[in-house]
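A.B. asks: how would this look folded up:
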Amino acid sequence: MAKRATLADVAERSGMSRTAVSLALNQVPNSRLSSEAIERIHQAAAELDYRPNPAARSLRVGKTATIAFLSDNVTVTRYASAMIRGLLDVAETEDHTVLIAETGDTPARIGKALKAMLDRRPDAVVFGLMGAKEIDVPKLPSDLPVVLLNSTSPQGHACVLPDEFQGGRDIARTLAEAGHRRVAIIGHDDGLIQNLRLSTTMRDRFAGIFSGLEEAGMEVALRIEGPTWEPPFGYQGMARVLELDEPVTAVIALNDRVAFGAYQALQERGFSVPNDISVVSFDDDDIASYLHPGLTTAAIPYEEMGRSAMTMALAGATFGQRELVPMPLRLRGSVKRV
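C.D. replies: A predicted model of the protein is given here:
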């Protein structure tokens, strides 16, 4: 394997001093080097495949050009992994490297991973969660920027969250604009609304839904409570909806898995979406596009949230910063105009 080229090698190849080479390669302004000299230095660096030593640079400028990212289950969850894509895209643009650790919810693993990250002196730390909730952030150096991605803290760390309130309003408006006036909700849960440790955004989602429904003068005929938002719950919920004496024309499912169960209950009983009942949802999991017809849903913008969090971290995030990222509405074939 060829020896890695050094600054001295570039200086020897270009016939310039090491100081001149350093000034040229680091693009130091007002260096008084001629354009010819700068070109010769860059040509020599290219011929030698010279790459700066990041360790030496970090000692010189006090920065390592690395960002630490600790997640609970993001890296092993296909549904949320777009968050990492957003982080990496921005980091690459700014010539930064992302150190990634997966910790689950175990405090011991979090502490161990964080210590390993801090030993590498990152320029900032980003904590990312698959599901938005309030967390306790371990004690960190006061001058180290910290960003919470899809989470919040009691201390008020900088955070990036989906705009669930507007997402809820958009879902309600979609039904209102299609002429629906009487709906059912599958997945209402007071525990998620009241307990920030379970969800820090769900109260906003519900507030947005009810704000949009009230604004349109729509009636909620049935709210089905339940904390476990999986297909069996959606199936059972839709069965109850179909038992109403006065039918509804649309159902708001609180996530795509609930909607999947609702689809099953309808099809098993000989009903169809949207001819008999329209269905809308949240999250934009892969299942939303696989259903037939495709499910209209408000997407959690994981990739854009990742981009925003990395941008905030690189800019030196401070306490109290809070960014809400819009939730795109994926309009598919599950809503009928009535």
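A.B. asks: can you list the weak-confidence ranges in the stretch 1-150 of the chain?
C.D. replies: 1-2, 53-62, 76 (pLDDT under 70).
A.B. asks: let's see 50
C.D. replies: Along the stretch 1-150 of the chain, the parts satisfying pLDDT under 50 run over 1, 59.
A.B. asks: Now do the helices in it.
C.D. replies: 7-14, 18-25, 35-48, 54-61, 82-93, 107-119 (DSSP state H, counting those that start in this stretch).
A.B. asks: Show me this protein divided up by domain.
C.D. replies: Domains of the chain are assigned by automatic domain parsing as 7-52, 66-162+302-325, 164-299.
A.B. asks: can you map out the strands along this protein?
C.D. replies: 66-71, 97-102, 124-134, 146-152, 158-162, 182-188, 219-225, 250-253, 278-283, 296-299, 322-325, 329-330 (DSSP state E).
A.B. asks: from the ones you listed, which stretch is densest packed?
C.D. replies: Greatest average neighbour count among the strands of the chain goes to strand 250-253 (a mean of 29), per mean count of other CB atoms under 10 Å. The C-beta positions use only the backbone N, C-alpha and C, and glycine is treated the same way.
A.B. asks: give the contact list for the residue nearest to residue 13 when sequence neighbours are not counted.
C.D. replies: With sequence-adjacent residues excluded and distances taken as CB to CB, 6 or more residues apart in numbering, residue 13 is closest to residue 44, at 3.9 Å. By CB atoms under 8 Å, 6 or more residues apart in numbering, the contact list for residue 44 reads 10, 13, 14, 50.
A.B. asks: Which pair of those residues spans the longest distance?
C.D. replies: Greatest spatial distance in the contacts of residue 44: 14 and 50, 10.3 Å, computed using CB to CB.
A.B. asks: For the helices of the stretch 1-150 of the chain, give me TSV that also has distance to residue 330.
C.D. replies: Below are those laid out as TSV (distance: least, CB to CB, whole Å):
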stretch	distance to residue 330
helix 7-14	52
helix 18-25	47
helix 35-48	46
helix 54-61	41
helix 82-93	14
helix 107-119	34
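A.B. asks: For residue 284, find the nearest of those.
C.D. replies: Short answer: helix 82-93, nearest of those by CB to CB, at 10.2 Å.
A.B. asks: For the closest one, buried residues please.
C.D. replies: 82, 83, 84, 86, 87, 88, 90, 91 (16 or more other CB atoms under 10 Å).
A.B. asks: from the residues you listed, which two are the most distant?
C.D. replies: For the buried residues of helix 82-93, the farthest-apart pair by CB to CB is 82 and 91; their separation is 14.8 Å.
A.B. asks: Spatially central residue in the chain, please.
C.D. replies: residue 302 (2.9 Å; CA atoms, centre = their mean).
A.B. asks: In this structure that residue contacts residue 87, no?
C.D. replies: No. If you go by CB atoms under 8 Å, residue 302 and residue 87 don't touch, sitting 10.1 Å apart.
A.B. asks: Which residues are in contact with the closest residue to residue 65 other than its chain neighbours?
C.D. replies: Using CB to CB, 6+ apart and skipping the chain neighbours, the partner closest in space to residue 65 is residue 96 (5.0 Å). Applying CB under 8 Å, 6+ apart to residue 96 gives the contacts 65, 66, 67, 123, 314.
A.B. asks: mind redoing it with 10 Å?
C.D. replies: Residues in contact with residue 96 (CB atoms under 10 Å, 6 or more residues apart in numbering) are 63-67, 87-88, 90, 122-124, 310, 313-314.
A.B. asks: Output those as JSON lines; include the columns distance to residue 196.
C.D. replies: What follows is the contacts of residue 96, written out as JSON lines (distance: CB to CB, whole Å):
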{"residue": "63", "distance to residue 196": "34"}
{"residue": "64", "distance to residue 196": "33"}
{"residue": "65", "distance to residue 196": "34"}
{"residue": "66", "distance to residue 196": "31"}
{"residue": "67", "distance to residue 196": "26"}
{"residue": "87", "distance to residue 196": "24"}
{"residue": "88", "distance to residue 196": "29"}
{"residue": "90", "distance to residue 196": "28"}
{"residue": "122", "distance to residue 196": "27"}
{"residue": "123", "distance to residue 196": "29"}
{"residue": "124", "distance to residue 196": "24"}
{"residue": "310", "distance to residue 196": "25"}
{"residue": "313", "distance to residue 196": "23"}
{"residue": "314", "distance to residue 196": "28"}
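A.B. asks: Relative to residue 164, how far out is the residue nearest to residue 65?
C.D. replies: 29 Å (CB to CB, to the nearest Å).
A.B. asks: Residue 181 too?
C.D. replies: Residue 181 sits 24 Å away from residue 164, taking CB to CB as the criterion.
A.B. asks: ok, back up a step: would JSON lines of the contacts of residue 44 with distance to residue 263 and neighbour count be doable?
C.D. replies: Formatted as JSON lines, these follow (distance: CB to CB, whole Å; neighbours: other CB atoms under 10 Å):
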{"residue": "10", "distance to residue 263": "64", "neighbour count": "25"}
{"residue": "13", "distance to residue 263": "67", "neighbour count": "18"}
{"residue": "14", "distance to residue 263": "68", "neighbour count": "22"}
{"residue": "50", "distance to residue 263": "59", "neighbour count": "20"}
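A.B. asks: Nearest to residue 334 among the residues you listed?
C.D. replies: Using CB to CB, the contacts of residue 44 come closest to residue 334 at residue 50, 57.0 Å.
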